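*Asks:* Attaching a predicted model along with its sequence, questions to come.
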Amino acid sequence: MGPGERVVEDWSSLRTTERARMTEACTRCGACFAACPMTAHAPATAGADAAATVAGVLGILAGGAGDAAARAWVMACGRTGSCNAACPHGVNPMLLMRLAKFEGQENGTLPKRGAADAMSRVKAFARLTLTEEEQRSWL
């Protein structure tokens, strides 16, 4: 275990606690959405209002469906961390997106991805052999 890591024995409690903390702390300013490099790869987010999209993600987190832009953004999230650096309120949008994805997949709002699908994508990206510069601009 690395520095700063902790052992979590009760994931359900952690999810509940973090969901409540982030929902309360988030002002829906949209800075995380604006900083996300993955929105360019999610056509449903094109032209979407940042604050409304963040509100939609919070709606998914609360068990709702969110709007098309929110669902697309959650599914496109590559956990780059750009959102965390942009958040002026210390919300941890990357974790918020992950929890929203779990919730959406559990309640049927978002499609589940199988391991076979994930592995084919990993293999495809590995074959691209992108340079470091290409990775920075794409990711």
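*Replies:* Received it, and whenever you're ready, just let me know what you need. Numbering: from 1, shown residues only.
*Asks:* Find the residue at the geometric middle of this protein.
*Replies:* Central residue of the chain (C-alpha atoms, centre = their mean): Met97, 3.1 Å from the mean position.
*Asks:* got the contact list for that one?
*Replies:* Applying C-beta atoms under 8 Å, 6 or more residues apart in numbering to Met97 gives the contacts 57, 73-74, 77, 79, 83. For the C-beta atoms, the positions are set from N, CA and C on the backbone; glycine is no exception.
*Asks:* Just the pLDDT for it.
*Replies:* Note for Met97: predicted pLDDT of 93.
*Asks:* and what of Met1?
*Replies:* For Met1, the predicted pLDDT is 52.
*Asks:* Repeat that for Ala52.
*Replies:* The model's pLDDT for Ala52 equals 97.
*Asks:* Remind me which helix or strand it belongs to.
*Replies:* helix 50-61 (DSSP states H and E).
*Asks:* ok, then the element right after that helix?
*Replies:* helix 68-76.
*Asks:* Any idea how far that following helix is from the middle of the chain?
*Replies:* With C-alpha atoms, centre = their mean, to the nearest Å as the basis, helix 68-76 stands 8 Å off its chain's centre.
*Asks:* what's the answer for stretch 69-87, then?
*Replies:* For stretch 69-87, the distance to the chain centre is 4 Å (C-alpha atoms, centre = their mean).
*Asks:* now stretch 97-107
*Replies:* 9 Å.
*Asks:* Can you give me the buried ones in that stretch?
*Replies:* 97-105 (16 or more other C-beta atoms under 10 Å).
*Asks:* before we move on, what about stretch 54-70?
*Replies:* Quick answer for stretch 54-70 (16+ other C-beta under 10 Å): 54-61, 66-67, 69-70.
*Asks:* farthest pair in those?
*Replies:* Leu61 and Ala69 (15.0 Å; C-beta to C-beta).
*Asks:* so which of the buried residues of stretch 97-107 comes closest to Thr17?
*Replies:* Leu99 (10.8 Å).
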